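Novice: let's see this in three dimensions:
(one chain, ligands or ions: 1)
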Amino acid sequence: MRKKIIAGNWKMYHNPTDTMSFFEKFKDMVAGSNHEIVICVPYIDVSAALEATKGTNIKIGAQNLNHEKAGALTGDVSCKMLEDIGVEYSIIGHSERRQYHHETDDFINLKIKAAFDHEIIPILCVGESLLEREKGIAKYKICTQIVMDLDGLTTEQAKQVVVAYEPVWAIGTGKTASAQDAEEACKWIREEIRTLYGDEVADAVAILYGGSVKPENAKAIFNMPNIDGGLVGGASLDPDSFSKIVNWDR
Ligand code: PGA
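Specialist: Numbers count the residues shown, from 1 in each chain. Presented below is the predicted three-dimensional model:
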């Protein structure tokens, strides 16, 4: 049985003071959960988030990283810096970074490999645009991203990757993929990974759904056989709504 992972993506919301008050409330609300709980916060909140979650069942993630060890890279943060401070996960290749920062699959692949060099678990985001879905090439788009982004990983690394299927048209729009459509896409991803890395990896890898997950739709989505949890944006900003999503089965 794969463990469910419920991850939050705060994007560019909340300052360190908000972070402290969020966790003050949230940590007790999810204390008994046996799901893996991860919150990916802005860099500026990492220290406050780590401090506030010490000794709890909540892990802290970043939303991006630079694959270089160090260098003249103004504004960037390396895997080593994240590892040293205690960050355990990082989102990589979110569609907002692909779109606004022109991140390519080759570049995302470098970041994934660098994350593994530093014991940071990558949460790789893949997903099609509305146009690609309408043209019937969603499967092609997603599988191409999987092939390119996961290129050259060892079996052990591939097993640990967390993939988030995030259809671009469902992010922040209030439009959620139906549980059946989300399941279908997550199954495409699992089968592509089976072709690349074999049964053991395909059956172990965690595949999440992301895109307007809310307390009202979490249960139907997380109950699907190929969906191992969610990556939640807007609804992760508030302790009440995010704890309901984490506690979807309680
Ligand atoms: P959303 O964002 O839940 O606000 O749609 C999801 C994401 O971008 O990871």
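
Novice: which residue is the nearest non-sequential neighbour of whatever residue of the chain ends up closest to the ligand?
Specialist: Per CB to the nearest ligand atom, residue 233 is where the chain lies closest to the ligand, at 2.3 Å. No exception for glycine: its C-beta is placed from N, CA and C like everyone else's. Counting by CB to CB, 6 or more residues apart in numbering, the nearest residue to residue 233 once its immediate chain neighbours are dropped is residue 9, at 4.9 Å.

Novice: contacting residues for residue 174?
Specialist: Taking CB atoms under 8 Å, 6 or more residues apart in numbering, we find residue 174 in contact with residue 212.

Novice: report the contact partners of residue 32.
Specialist: Taking CB under 8 Å, 6+ apart, we find residue 32 in contact with residue 250.

Novice: that should have said residue 58, apologies.
Specialist: So residue 58 contacts 23, 26, 27, 30, 37, 38, 39 (CB under 8 Å, 6+ apart).

Novice: verify the stated contact: the fourth one with residue 36.
Specialist: No. Counting by CB atoms under 8 Å, residue 30 sits too far from residue 36 to count as a contact (11.1 Å).

Novice: where does this structure come near the ligand, residue by residue?
Specialist: 9, 166, 171-172, 210-213, 231-235 (CB under 6 Å from any ligand atom).

Novice: for the helix or strand bottoming out on mean pLDDT in the chain, give me every contacting residue.
Specialist: Ranked by mean pLDDT, DSSP states H and E, the helix or strand of the chain with the weakest confidence is helix 130-134, at a mean of 93. For helix 130-134, contacts defined as CB under 8 Å, 6+ apart pick out 138, 141, 167, 168, 169.

Novice: with adjacent residues omitted, what lies nearest to the last one?
Specialist: Computed as CB to CB, 6+ apart, the closest residue to residue 169 that is not its neighbour in sequence is residue 130, at 3.9 Å.

Novice: other SSEs contacting the top helix by length along the chain?
Specialist: Determined from DSSP state H, the single longest helix within the chain is helix 179-197. When contacts are defined as 3 or more CB pairs under 8 Å, 6 or more residues apart in numbering; DSSP states H and E, helix 179-197 packs onto helix 138-149, helix 155-160, strand 162-165, helix 199-204, strand 206-210, helix 218-222.

Novice: export these to TSV and tack on distance to residue 78?
Specialist: Compiled in TSV, the helices and strands packed on helix 179-197 are given as follows (distance: least, CB to CB, whole Å):
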stretch	distance to residue 78
helix 138-149	20
helix 155-160	19
strand 162-165	20
helix 199-204	27
strand 206-210	25
helix 218-222	33
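
Novice: export those to JSON lines and append columns for mean neighbour count and mean pLDDT.
Specialist: Formatted as JSON lines, the helices and strands packed on helix 179-197 follow (neighbours: other CB atoms under 10 Å; pLDDT from 0 to 100):
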{"stretch": "helix 138-149", "mean neighbour count": "19", "mean pLDDT": "98"}
{"stretch": "helix 155-160", "mean neighbour count": "16", "mean pLDDT": "98"}
{"stretch": "strand 162-165", "mean neighbour count": "28", "mean pLDDT": "98"}
{"stretch": "helix 199-204", "mean neighbour count": "15", "mean pLDDT": "98"}
{"stretch": "strand 206-210", "mean neighbour count": "27", "mean pLDDT": "98"}
{"stretch": "helix 218-222", "mean neighbour count": "20", "mean pLDDT": "97"}
